[in-house]
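Asker: got a sequence here, can you build the structure:
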Amino acid sequence: MNVLITGVAGLLGSRLASWILANTDFDVIGIDDLSGGYKENIPSEVKCYYHNLSTANLDSVFEEHKIDIIYHFAAYAAEGLSPFIRKYNYQNNLLASTNLINHAIRHDVQRFVFASSMSVYGNIYNPPFSEELTPRPIDPYGIAKYAVEQDLRVAYEQHKLPYTIVRPHNFYGKNQNIWDKYRNVLGIWMWQIINGYSPTIFGNGSQVRAFSYVDDSLVPFWNASQKDECVGEIINLGGIHEVSIQEACDTLLKVTETDLQPDYHEMRHEAHYAYSTWDKSVRMLGFEHKTSLEDGLTKMWKWAQKQPNRDRFVWKEYELEKGIYSYWKNEEDSNSTNL
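Answerer: Numbering: from 1, shown residues only. Got it, this is the predicted structure:
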C-alpha cells in the first residue's frame, strides 16, 4: 500500500516518512517544491515528485502509485508574516490544498490526514484550546487552515472522502528549516546563535506556548490514518507543558552555552497565550509527551551544528509594507537569499 506525504522535505514530512519506512510495510511517495525543505531530508527510499501543489496536475502520480493514504503537510507556516503576503499565503496554503483534495476524491483515497494548526483558534479564548471551540483565526494563515478544514468536511459529506484533521502546535526538531527568518521561533534562534546574533523576541517574552518535539508526534500521526474512529475527527496534537517565550529562550541559551542575550522588538499581532488540550490525542491517537524541551533542544542543537551554512531566506519584497514590523523591514540582510 502507498502513502503520499506532501511537504516530505520538511520537518514533519521527512520524519514521518522515515518512521513509516522503518515501522510499516507501506511505501512512501513524496511531493515537495523545496521552497521550505531540503532534498537531504528526504529518505532515499521515497519516490519524490517536485511539484507546485497549487497548479500541478497530479493524476499521473495517483495513477502510477495508487495512493491509499495522504498526509498533507505542505504549507508556508508563517503566521505573523501572512498578513503581508496574503496572495502567497492563500496560493500555498489554501489553493494547493483544494487541488490535492480534488485529486484525492477523483482517485478514491482511503484517508486524508490534514495537518491544520492551532492558529485557527485565534485569541478570543482562554487556553487551553479544546477542539469543541469555534475557530476565530486572526491572520490569513489561520484563515487558510480553517478554510481547508471546512472544505474537507464538505468533501466527506458530498464525496465520501474520509479525513482526519490534526491541529499540531509548535513542533520542532531535527530536519527543521532554521534558515527562514519568519517562522519556527526555535529554529530562528538557533540560526541566530550559530551566526553570532542575539535571539529575537517580539514583546517582553511573556507569551506562552507548549512546544512539541516532532518525534513524539509520529505514532499519533500514523494512528490518525489507521483508526476508523478518527474519521471526521479534529484532534489537537502537541506538548503538554506550557512555557513562556522567555523561558524557552533561556532554555536554548543554556543548551547552547552562549553568552548572547535576547534582543527585544515591538510586539507582533498574535495570540499571547496559545496552547491546546491534549486529552483527546492521548485517547484517540496514543500520544505520549516523552521529550522535555531541554532534551529536545539538545538533540536539535547537536543536529543544527552539523548543518551547512545555507543562505538565509528573506523576502525581497512584501505584498504589503503598511504595518510591517521594523525587524522585518528590508534592510540588507547578510548571508541571505531573497524572493
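
Asker: for the stretch 201-339 of the chain, just list every one of the strands.
Answerer: 208-209, 212-213, 234-237, 243-244, 263-265, 312-314, 336-338 (DSSP state E, counting those that start in this stretch).

Asker: from the contact counts, what lies against the first one?
Answerer: Helices and strands touching strand 208-209, as assessed by 3 or more CB pairs under 8 Å, 6 or more residues apart in numbering; DSSP states H and E, comprise strand 243-244, helix 245-256. C-beta coordinates here come from the backbone N, C-alpha and C atoms, glycine included.

Asker: dump the ones you listed to JSON lines, plus distance to residue 216, mean neighbour count and mean pLDDT.
Answerer: Shown next, in JSON lines, are the helices and strands packed on strand 208-209 (distance: least, CB to CB, whole Å; neighbours: other CB atoms under 10 Å; pLDDT from 0 to 100):
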{"stretch": "strand 243-244", "distance to residue 216": "16", "mean neighbour count": "17", "mean pLDDT": "98"}
{"stretch": "helix 245-256", "distance to residue 216": "17", "mean neighbour count": "19", "mean pLDDT": "98"}
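
Asker: ok, which of the ones you listed comes nearest residue 189?
Answerer: Proximity to residue 189 (CB to CB) singles out helix 245-256 among the helices and strands packed on strand 208-209, at 5.5 Å.

Asker: list the contacts of the closest one.
Answerer: The contact list for helix 245-256 (CB atoms under 8 Å, 6 or more residues apart in numbering) reads 185-186, 189-190, 193, 199, 201, 203-209, 211, 243, 260-262, 293-294, 297-298, 301.

Asker: please redo it, this time with the cut-off set to 6 Å
Answerer: For helix 245-256, contacts defined as CB atoms under 6 Å, 6 or more residues apart in numbering pick out 189, 193, 199, 205, 207, 262, 293-294, 297-298, 301.

Asker: check stretch 211-226 too.
Answerer: Where contact means CB under 6 Å, 6+ apart, the residues beyond stretch 211-226 that reach it are 11-12, 15-16, 19, 69, 111, 113, 164, 166, 170-173, 230, 237-239, 281, 285-287, 290-291, 293, 296.

Asker: what sits against residue 5?
Answerer: Contacts of residue 5 by CB under 6 Å, 6+ apart are 13, 17, 30, 71.

Asker: surely the third one and residue 7 touch.
Answerer: No - with contacts defined as CB atoms under 6 Å, residue 30 does not count as touching residue 7, sitting 8.5 Å away.

Asker: where does the prediction get shaky in this structure?
Answerer: Residue ranges of the chain with pLDDT under 70: 330-339.

Asker: residue ranges of the helices in it, please?
Answerer: Assigned by DSSP state H, the helices in the chain fall at 11-23, 59-65, 86-90, 96-106, 140-159, 185-194, 218-226, 245-256, 279-285, 293-304.

Asker: buried residues in the fifth one?
Answerer: Right, the one you point to is helix 140-159. Using 16 or more other CB atoms under 10 Å as the test for burial, helix 140-159 gives 140-149, 151-152, 155-156.

Asker: just send these back as JSON lines, with distance to residue 79 too.
Answerer: Listed next are the buried residues of helix 140-159 as JSON lines, based on distance: CB to CB, whole Å:
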{"residue": "140", "distance to residue 79": "9"}
{"residue": "141", "distance to residue 79": "5"}
{"residue": "142", "distance to residue 79": "7"}
{"residue": "143", "distance to residue 79": "11"}
{"residue": "144", "distance to residue 79": "10"}
{"residue": "145", "distance to residue 79": "10"}
{"residue": "146", "distance to residue 79": "13"}
{"residue": "147", "distance to residue 79": "15"}
{"residue": "148", "distance to residue 79": "15"}
{"residue": "149", "distance to residue 79": "16"}
{"residue": "151", "distance to residue 79": "20"}
{"residue": "152", "distance to residue 79": "21"}
{"residue": "155", "distance to residue 79": "25"}
{"residue": "156", "distance to residue 79": "27"}
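
Asker: ok, back up a step: filter the contacts of stretch 211-226 down to just the buried residues.
Answerer: Buried among these by 16+ other CB under 10 Å: 11-12, 15-16, 19, 69, 111, 113, 164, 166, 170-173, 230, 237-239, 281, 285, 287, 291, 293, 296.

Asker: for the residue sitting nearest the centre point of the chain, which non-adjacent residue is spatially closest?
Answerer: In the chain, the residue lying closest to the centroid (CA atoms, centre = their mean) is residue 77, at 5.8 Å. By the measure of CB to CB, 6 or more residues apart in numbering, the closest residue to residue 77 outside its immediate chain neighbours is residue 183, 5.4 Å from it.
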